[in-house]
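# what follows is a predicted protein model with its sequence.
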Amino acid sequence: MKKINPKQLGELLIESKLITPENLAEALRVQKEKGGLIGQILVALGHTTEEAIAQALTAQYGFPYLPLGGYEIDGETAKLIPEQVAKQYGLIAVDRVGGILTVAMSNPLNTSAVEDVEMITHLKLQIFVATTTDVNEAIKRCYKV
């Protein structure tokens, strides 16, 4: 996967004035102790929002951002990916055109998730970034959890 912007997520958030250097230092300490994704840690600490992280990932890696709140997802399309796989990887299928499946993911850098879903569906994925909350809500709607 080719980065469009070589800067780290934390640097982009600082430059955008979405977090402070102190916020990043605190999140990096938590990440070192407990593990996890830096964006999710920053949100959990209350330093930024999921939307800001999604927008920064868009800027950093060139994935388009797709807010799922008002997006109408066809249940049959969503179910091309088994519910357990969708939950495990934090993703949802939102559209299919021919051999291309459009998927919204909270972590678009998870290449093993992309590979697994391509193998399961036998389709090529087009990736969009969405917030974890949006993806989880879409999963609940589509799989009637």
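Nice, thanks for sending it over. In this text the structure is predicted, and so the values were computed from the model without any measurement. Residues are numbered from 1 along each chain as shown.
# where in the protein is pLDDT low?
Counting by pLDDT under 70, the ranges of the chain that qualify are 1-7, 145.
# name the helices or strands packed onto the longest helix anywhere in the chain?
Of all the segments assigned as helix in the chain under DSSP state H, the longest by residue count is helix 21-34. Secondary structure elements in contact with helix 21-34, counted by 3 or more C-beta pairs under 8 Å, 6 or more residues apart in numbering; DSSP states H and E, are helix 9-15, helix 38-44. For the C-beta atoms, the positions are set from N, CA and C on the backbone; glycine is no exception.
# the strands in the chain, which residues?
Ranges of strands in the chain, per DSSP state E, are 91-97, 100-105, 124-129.
# which among these is found nearest to E22?
Shortest distance between E22 and the strands of the chain, using C-beta to C-beta, is found for strand 124-129: 26.1 Å.
# what about the closest one, distance to the chain center?
On the basis of C-alpha atoms, centre = their mean, to the nearest Å, strand 124-129 is displaced by 10 Å from the centre of the chain it belongs to.
# can you pull up the most central residue in this protein?
By C-alpha atoms, centre = their mean, the mean C-alpha position of the chain lies nearest to S106, the distance being 1.6 Å.
# residues contacting that residue?
For S106, the contacting residues are A54, G90, L91, V129, A130, T131, T132, D134, V135, by C-beta atoms under 8 Å, 6 or more residues apart in numbering.
# farthest pair within these?
A54 and L91 (13.3 Å).
# neighbour count for the two, which is higher?
Comparing A54 with L91 by neighbour count (other C-beta atoms under 10 Å), the higher total belongs to L91, at 27 against 23.
# any idea how far the more buried one is from G98?
The spacing between L91 and G98, counted by C-beta to C-beta, to the nearest Å, is 20 Å.
# before we move on, what about L68?
22 Å.
# how about Q31?
To G98, Q31 is 40 Å away according to C-beta to C-beta.
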